[in-house]
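Undergrad: Task: produce atomic coordinates for the following.
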Amino acid sequence: MPRLHIAAKTIRLGIVDTGVDISQHDHALLVGGVGVIKQNQEQLALVFDTTDHHGHGTSIASLLAVFCPDATLVPVRIAQVCDGQSTSYVSEKVLALGIDWCIDNQIRLVNVSYSIESISSDGPLATICRKASENNIILVAAYRNGFQKPVYPAAFPSVIGVSIRQDLDHAQIVIISEKNRDVAAFGGPYQISSVGNKPKIVCGTSFATAQITGMIARMLAIKPSLTLKQVFGYLKKYAIE
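TA: Numbers count the residues shown, from 1 in each chain. Have a look, this model is predicted:
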């Protein structure tokens, strides 16, 4: 499995998404990373290619670069690429592989925009999220806009799940469930950079998730040893309800 070689002077923040356009000037602390590819019908492989054919991951990276400028951003592209275009569907196995690479490379904090509707309790995603928790790696994952059923990994208690509440302002958060470690945040609209450094207006649960990830990154920059329980305790203190 490809490994990452960077100095551990800043918080490593994994961006599990569609990739990141590394040509953008506002990603000063963006480093190498990986992309998931299919070698054949059954096998997956990781390569040092994070090209963003969609733009979503680049938008998330742009926002995180503002929220936590001292973090080292590490893109992990899990979007499948067909004919030069990335698809919105990602399998449980692919998502688990992307998170597992973050764990193996000691990425302290991981922002996940993708969600899976139905999983097995002993399947790859549940297994990998337990592994992350055991290694004190904090996962922050988006719920799906307007979707009522649980989606994963956001619905795992070991993962901070994020929803959007547009009645909040950009600095506010609320606690939805202490037991399940779920929160809600503003989520836009934000004006940020997308592929090719083009300005873009964005809004949605993914960007609410980036807001929470940015808050946690600043906590970890001050005290890197914080556990998931301690981090969520600080979020509770910041919450308005």
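
Undergrad: C-alpha from now on. contacts and neighbour counts both.
TA: Will do.

Undergrad: List the contacts of Gln166.
TA: 185-188 (CA atoms under 8 Å, 6 or more residues apart in numbering).

Undergrad: hang on, it in a helix?
TA: No. With DSSP: H, G, I helix; E, B strand; the rest coil as the criterion, Gln166 is assigned coil and is not in a helix.

Undergrad: could you point out which element follows whichever helix in the chain runs longest?
TA: For the chain, the longest helix by residue count, based on DSSP state H, is helix 205-222. Next helix or strand after helix 205-222 toward the C-terminus (DSSP states H and E): helix 228-238.

Undergrad: Next, the buried residues of that following helix.
TA: With burial defined by 16 or more other CA atoms under 10 Å, the residues of helix 228-238 counted as buried are 228, 231-232, 235-236.

Undergrad: now, which of those residues sits nearest Asp70?
TA: Nearest to Asp70 out of these is Val231 (CA to CA; 18.2 Å).

Undergrad: From Ser206, how far out is the closest residue to that closest one other than its chain neighbours?
TA: Excluding its sequence neighbours, the residue lying closest to Val231 (CA to CA, 6 or more residues apart in numbering) is Ile216, at 6.9 Å. Using CA to CA, to the nearest Å, Ile216 is found at 15 Å from Ser206.

Undergrad: Mind checking which of the two has more residues around it?
TA: Ranked by neighbour count (other CA atoms under 10 Å), Ile216 and Ser206 place Ser206 first, with 28 against 22.

Undergrad: Test my guess that the more buried one contacts Phe186.
TA: No. Under the criterion of CA atoms under 8 Å, Ser206 makes no contact with Phe186, lying 10.5 Å away.

Undergrad: now for whichever strand or helix holds Ser133, which elements pack on it?
TA: Using DSSP H and E, Ser133 maps to helix 124-134. Packing partners of helix 124-134 (3 or more CA pairs under 8 Å, 6 or more residues apart in numbering; DSSP states H and E): helix 92-104, strand 138-142.
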